[in-house]
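The following comprises the amino acid sequence and a computationally predicted model.
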Amino acid sequence: DGGITQSPKYLFRKEGQNVTLSCEQNLNHDAMYWYRQDPGQGLRLIYYSQIVNDFQKGDIAEGYSVSREKKESFPLTVTSAQKNPTAFYLCASSIQGAYEQYFGPGTRLTVT
Amino acid sequence: RKEVEQDPGPFNVPEGATVAFNCTYSNSASQSFFWYRQDCRKEPKLLMSVYSSGNEDGRFTAQLNRASQYISLLIRDSKLSDSATYLCVVHGSSNTGKLIFGQGTTLQVKP
């Protein structure tokens, strides 16, 4: 089955630790995105990548980092510099040139 | 002003009712528009794209008014399973693929 997978579903970390969230897709999509969703708010774009080995900052990139070494994978690292890391993180992908995005199931990160 | 604005609701309607959601967007150069559905604690899923001429998919009708910069979603004969948050999504005029998401409108369909 084609799709986007994110792991783990729930993640708990202590303040001051970096944590990496996984996102893998087998849809052969060129573009991948990371969003953050907080309760009662819309999705906010963290980083996006339109092609392997290239990525751009979104609207709230501070405290986050990404890599895109393979077409299928776009991991997100939440660093200790992110002030409010507790949130629901969603990864999405799309065909280059098409604007519909398809989402993975998300990772709920709790930092205490 | 937010780039995409929606009435957060909640909209509480009985089964069988017709309900309409509106959404306004600020960038007049926006080219593509979508409605996504998000169930509680789940990921958003594409419900339908919105075309200039309006489009229908079963009980769902989407319309676009470029002059007034608003998008609507009409749900006829509401089902309990329609209970969810509906996200209005707008693509900007750039070629980056970036989407702008509204905060969502919550619908609760009651028996």
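Yep, that arrived.

okay, now residue B:107: neighbour count?
Counted with other CB atoms under 10 Å in any protein chain shown, the burial measure for residue B:107 works out to 21 neighbours. In this view, the C-beta of every residue, glycine as well, is placed from N, C-alpha and C.

can you list the residues that contact the helix or strand encompassing it?
Under the assignment given by DSSP states H and E, the secondary-structure element containing residue B:107 is strand B:105-110. Defining contact as CB atoms under 8 Å, 6 or more residues apart in numbering or on different chains, one finds that strand B:105-110 is touched by B:6-15, B:17, B:19, B:21, B:23, B:75, B:78-86, B:88.

before we move on, what about stretch A:5-18?
With CB under 8 Å, 6+ apart as the test, stretch A:5-18 has contacts from A:19, A:21-25, A:77-80, A:85, A:89-91, A:104-112.

shouldn't residue A:77 be in contact with residue A:19?
Yes - with contacts defined as CB atoms under 8 Å, residue A:77 counts as touching residue A:19 at a distance of 7.1 Å.

between the two, who's got more neighbours?
In this comparison of residue A:77 against residue A:19, neighbours counted by other CB under 10 Å, the higher total goes to residue A:19 at 18 against 14.

Who are the contact partners of the more buried one?
A:11, A:13, A:77-78, A:85, A:109, A:111.

Which one of those residues is nearest to chain B?
For chain B, the closest of those turns out to be residue A:109, at 13.7 Å, with distances computed as CB to the nearest CB.

low-confidence ranges in the chain?
Answering for chain A, as no chain was given. Per-residue confidence of chain A (counting by pLDDT under 70) places the weak regions at A:1-2.

That was the other one, I meant chain B.
Looking at chain B by pLDDT under 70, you get B:93-95.

What residues does it have near chain A?
Residues of chain B lying close to chain A by CB under 8 Å from any CB of the partner chain are B:4, B:8, B:32, B:34, B:41-46, B:49, B:87, B:91, B:96-99, B:101-104.

same thing but at 10 Å, please
Among all residues of chain B, those adjacent to chain A (criterion: CB under 10 Å from any CB of the partner chain) are B:2-6, B:8, B:31-34, B:36, B:38, B:41-46, B:48-49, B:85, B:87-92, B:95-104, B:106.

now residue B:69, nearest residue through space, not along the chain?
Closest residue to residue B:69 apart from its sequence neighbours, by CB to CB, 6 or more residues apart in numbering or on different chains: residue B:25 at 5.3 Å.

circling back to that earlier point, now a ChimeraX select for only the buried ones of the residues of chain B next to chain A.
Buried residues within the residues of chain B next to chain A, as defined by 16 or more other CB atoms under 10 Å in any protein chain shown, are selected in ChimeraX through the command that follows:
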select /B:4,5,6,32,33,34,36,38,43,44,48,49,85,87,88,89,90,91,92,97,98,99,100,101,102,103,104,106
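
Looking at the residues of chain B next to chain A, which are in strands?
For the residues of chain B next to chain A, membership in strands holds for B:4-6, B:32-34, B:36, B:38, B:44-46, B:48-49, B:85, B:87-91, B:99-101, B:106, with DSSP state E as the criterion.
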